[in-house]
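>>> quick one: sequence and predicted model below, then my questions.
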Protein chains: 2
Amino acid sequence: MSTRFSDRLAGAVGALSPVCVGLDPVLESLPDVVRARHHEPTRAIADFCKGVLDVVRGIAPAVKIQSACFERYGSAGFGVMEGVVAHARDLGLVVIWDAKRGDISTTGAHYAAAANRLGAHAVTVNAYMGESAITPFLDAGLGVFALARTSNPDSDAVQSHALRDGRSVAAMVGELIARVGEKHLGACGMSDLGAVVGATKAGDAAVMRAAMPRQVFLIPGYGAQGGTAEDIRAMLTPDGGGVLVTASRSVLYPKECEGEWHDRVRTAAQAFAREIATVVKPGS
Amino acid sequence: MSTRFSDRLAGAVGALSPVCVGLDPVLESLPDVVRARHHEPTRAIADFCKGVLDVVRGIAPAVKIQSACFERYGSAGFGVMEGVVAHARDLGLVVIWDAKRGDISTTGAHYAAAANRLGAHAVTVNAYMGESAITPFLDAGLGVFALARTSNPDSDAVQSHALRDGRSVAAMVGELIARVGEKHLGACGMSDLGAVVGATKAGDAAVMRAAMPRQVFLIPGYGAQGGTAEDIRAMLTPDGGGVLVTASRSVLYPKECEGEWHDRVRTAAQAFAREIATVVKPGS
């Protein structure tokens, strides 16, 4: 129970593969059969999410819960999210709350309490406010993935600017993350404080990895958004690990698979895990 | 009903004063009489918040709801927040959801839907991911206050860095905010997209105002955190407006006032509004 996040994640990834399935449930995209079964959107979403979790268990070690998709249904949606997280934990999955929260000191501590109450093992955090937007979560025993280099094209307008000292804004934030994370290293050698680094920004991969040698990179943007296996490779640590590649829509709503929806999700998740396994061979 | 945020806020501020009371309810700080009345923390918080709203109505035109303080109680807390926002709206208050959300495109749109469902008029947003973390909220008809220069001391480690072109990171983000906000101007001349600029960073006030002439500055850090009336003055637009000064703990949990808690909150809120009125005289 007291396993720290970095070691929990390393163990789970080592037993399976460094992939994470993102749960971004959107009513309009759910399988017809699920939608037809429920009048209440939140019930359809709960049903779908639990089905996905049952399927991806044993394929992916971790899931990323997109808070926005639940919050849009208010307290009822928040309640469904609680049930989904509880189910994921029951299945032994590592749970990342993709909440991108970012607030300081006591307010940060309230968000950390929210994450712990929810049952998340880790949370995504925005570090624009500085170190005090990160530490409340670490102090509460949570893993953290702080935004460093995000996958959306227009992030360049903030993150790519060159500082007077030559670093980019993203690299500067990365170094801040590395510094804060140093005090939270697991037995696996990596920090409980990881970073979000988009696969679509592979041009920055070497710089980001050099800035953050002890950070697990939570990597969105693979596949649908254009990130390739080569892009992932550029982000590995020297021993070929240190990444957790995440996919959401391509697994939840696969376009090219035939059959019953559970089977289609399973096929898509397996294909995703296989693809990443060819790139990332931890310890190799 | 279709009044845009900037004009709604301008009207409300013009009728009263440019102050905002922050609702950051923390169980341990609530008046003893309120805590004694309830077993459930969330009920005590609901009771307290509604009491504060009833008191500050007619003194402050706007309230800022700290989402973290409610989220820490999970879906039950989220439900209480819904009730508090509904009560604030019933009283005619302008409601800012201090959620510091920040995510892009469709995910941003889900958060915007959450804000609208909650009944907020505006939301605080983190712009580190760029323009696409802001526009979903504006497109959903909400006001936005994007973090530019936050009041916490350690924000300097990110926001004060000098870019190669001489601007600070905060000024660069400020210019991004100004550019995005240009397309969302109200009849009052200000944008639906404002900015969070801490009173404690008054050394940057002139630069931030020059970067963002059309942004209402939502200003935390006044009073308890060290920001002074002079610091606020440095942030005004040329016509003496363009700010909304916020206070939370100093109004909710006043230290120096005597008497019953509603009266103490009223006295503290009145003193706060009077102080700010001596500094800010819109239209003067």
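Nice, thanks for sending it over.
>>> ranges for the helices of the stretch 51-200 of chain A?
A:67-71, A:74-90, A:105-118, A:135-139, A:156-159, A:169-181 (DSSP state H, counting those that start in this stretch).
>>> can you say which of those helices is packed in most?
helix A:67-71 (a mean of 27; mean count of other CB atoms under 10 Å in any protein chain shown). The way it works is simple: take the backbone N, C-alpha and C, and place the C-beta from them, glycine included.
>>> which residues are in contact with the closest residue to residue A:206 other than its chain neighbours?
Leaving aside its chain neighbours, residue A:206 sits nearest to residue A:234 (6.4 Å; criterion: CB to CB, 6 or more residues apart in numbering or on different chains). Shown in contact with residue A:234 (CB atoms under 8 Å, 6 or more residues apart in numbering or on different chains): A:202, A:205-206, A:209.
>>> how about low-confidence regions in chain A?
Low-confidence segments of chain A, defined by pLDDT under 70: A:1-2, A:257, A:282-284.
>>> which residues in it form strands?
A:19-23, A:62-66, A:94-101, A:122-125, A:143-149, A:193-197, A:217-219, A:243-247 (DSSP state E).
>>> report all helices and strands that the longest one contacts.
Pointing back at strand A:94-101 there. Helices and strands touching strand A:94-101, by 3 or more CB pairs under 8 Å, 6 or more residues apart in numbering or on different chains; DSSP states H and E, are helix A:5-15, strand A:62-66, helix A:67-71, helix A:74-90, helix A:105-118, strand A:122-125, strand A:143-149.
>>> again with the fourth one
Contact here means 3+ CB pairs under 8 Å, 6+ apart; on that basis strand A:122-125 packs against strand A:94-101, helix A:105-118, strand A:143-149.
>>> with the first one instead?
Of the remaining helices and strands, those touching strand A:19-23 by 3+ CB pairs under 8 Å, 6+ apart are helix A:41-56, strand A:62-66, strand A:243-247, helix A:249-252, helix A:261-279.
>>> run the last query once more with 7 Å
helix A:41-56, strand A:62-66, strand A:243-247, helix A:261-279 (3 or more CB pairs under 7 Å, 6 or more residues apart in numbering or on different chains; DSSP states H and E).
>>> who are the contact partners of residue A:51?
Taking CB atoms under 7 Å, 6 or more residues apart in numbering or on different chains, we find residue A:51 in contact with residue A:262.
>>> where's it relative to residue B:167, distance?
50 Å (CB to CB, to the nearest Å).
>>> and if you look at residue A:32?
On the measure of CB to CB, residue A:32 and residue B:167 end up 52 Å apart.
>>> which one of those two has more residues nearby?
residue B:167 (17 against 8; other CB atoms under 10 Å in any protein chain shown).
>>> and the more buried one, backbone torsions?
Here is the backbone geometry of residue B:167 (degrees, to the nearest 10): phi -70, psi 160.
>>> that older thread, Throw the helices and strands packed on strand A:122-125 into a markdown table and include distance to residue B:56, thanks.
Shown next, in a markdown table, are the helices and strands packed on strand A:122-125 (distance: least, CB to CB, whole Å):
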| stretch | distance to residue B:56 |
| --- | --- |
| strand A:94-101 | 27 |
| helix A:105-118 | 20 |
| strand A:143-149 | 35 |
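>>> which of those sits closest to residue B:87?
Set against residue B:87 and scored by CB to CB, these come closest in helix A:105-118, at 20.9 Å.
>>> what's the closest one packed up against?
helix A:74-90, strand A:94-101, helix A:135-139, helix B:67-71.
>>> off-centre distance for it?
With CA atoms, centre = their mean, to the nearest Å as the basis, helix A:105-118 stands 18 Å off its chain's centre.
>>> what angle do that helix and strand A:143-149 make?
120 degrees (axes from the mean of the first three to the mean of the last three CA atoms, to 10 degrees).
>>> send the alpha carbons of helix A:105-118 over as CSV?
This file holds the C-alpha atoms of helix A:105-118, laid out as CSV (Å, rounded to 0.1, in the frame of the first residue of the first chain):
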residue,chain,number,x,y,z
SER,A,105,0.0,25.8,-1.4
THR,A,106,-3.2,25.2,0.5
THR,A,107,-5.4,25.3,-2.6
GLY,A,108,-3.0,22.7,-4.2
ALA,A,109,-3.4,20.7,-1.1
HIS,A,110,-7.2,20.7,-1.5
TYR,A,111,-6.8,19.4,-5.0
ALA,A,112,-4.4,16.8,-3.8
ALA,A,113,-7.0,15.7,-1.2
ALA,A,114,-9.5,15.5,-4.0
ALA,A,115,-7.1,13.2,-6.0
ASN,A,116,-6.6,11.0,-3.0
ARG,A,117,-10.2,10.8,-2.2
LEU,A,118,-10.9,9.9,-5.8
